[in-house]
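1. show me how the following folds:
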Amino acid sequence: MWRSGTIKLVVLPMQSAGPQRNMATLKDISLRLKSVTNIQKITKSMKMVSAAKYAKAERELKAARPYGEGAQNFYKAIEGDSTQEAKDHPKEGNPKRLLVLLTSDRGLCGAVHTSISKEAKAQIAANPPGVDLKVITIGDKSKAMLQRLHSQYILLSGNEIGRQPPTFKDASLIAQGILDCGFEFDEGQIIFNKFRTVVSYTTSKMPIMTADKVAKKEKMTIYDSIDDD
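-> Coordinates of the predicted model:
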């Protein structure tokens, strides 16, 4: 026996044959291509500016390099390896050492900055007991890398140096700050990176000697035209 009832029919909407909403239209593709082209133009302009800045910095470096080489030759001529001398003839009492770290304030230079901080940390770790070691940081990068774990060794810091072409005045300001810091060190080192190519450098060290040690050197007599002052 059949019972009468109501039959409900559900009509499903037919899918449209047109383009999907998430598919890019020709206008979107055209805008994207235009954006990529603009980025390529900006990148090319940045490369040209970087190349010009690099050429300028290289010319300025060549002009300033003789000052550093002259200082190194001076120390070599009078046997200025103060670190080795301190090991061979350790000072009685409480010797004092000074490290001067040269880095920049900013920049995505990677290992250029970390190599200097690693060398400083290695010397701090190997510093023998009883030796008073202090660090002067030239540049915010070296200060930031040492301040977290070795802040007790930082004597003073400087920044905003090197943004313009290096001059003798910049070196004089740093030297005067070291002399006025009140730390009577016996020997020390300047740790810096020596430029080789765009992608390579050499982490170098230059000894620091006090005026008394320089005057007492036997080979200082080769500079016979220099008076006591």
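
2. next up, the contacts around the spatially closest residue to residue 220 that is not a sequence neighbour.
-> Leaving aside its chain neighbours, residue 220 sits nearest to residue 78 (5.4 Å; criterion: CB to CB, 6 or more residues apart in numbering). Bear in mind the C-beta positions are built from the backbone N, C-alpha and C, glycine included. By CB atoms under 8 Å, 6 or more residues apart in numbering, the contact set of residue 78 is 214, 217, 219-220, 222.

3. which of those are buried, as a ChimeraX select command?
-> Remark: buried members of these, expressed as a ChimeraX selection using 16 or more other CB atoms under 10 Å:
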select :217,220
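
4. dump the contacts of residue 78 into a markdown table; add pLDDT and secondary structure as well.
-> Formatted as a markdown table, these follow (pLDDT from 0 to 100; DSSP: H, G, I helix; E, B strand; the rest coil):
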| residue | pLDDT | secondary structure |
| --- | --- | --- |
| 214 | 77 | helix |
| 217 | 77 | coil |
| 219 | 75 | helix |
| 220 | 73 | helix |
| 222 | 69 | helix |
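
5. nearest to residue 148 among the contacts of residue 78?
-> In terms of CB to CB, no member of the contacts of residue 78 lies closer to residue 148 than residue 214, at 36.0 Å.

6. what about that closest one, distance to residue 96?
-> 17 Å (CB to CB, to the nearest Å).

7. try residue 190
-> Residue 190 sits 16 Å away from residue 96, going by CB to CB.

8. the more surrounded of these two?
-> Using other CB atoms under 10 Å, the more surrounded residue of residue 190 and residue 96 is residue 190, with 20 against 16.
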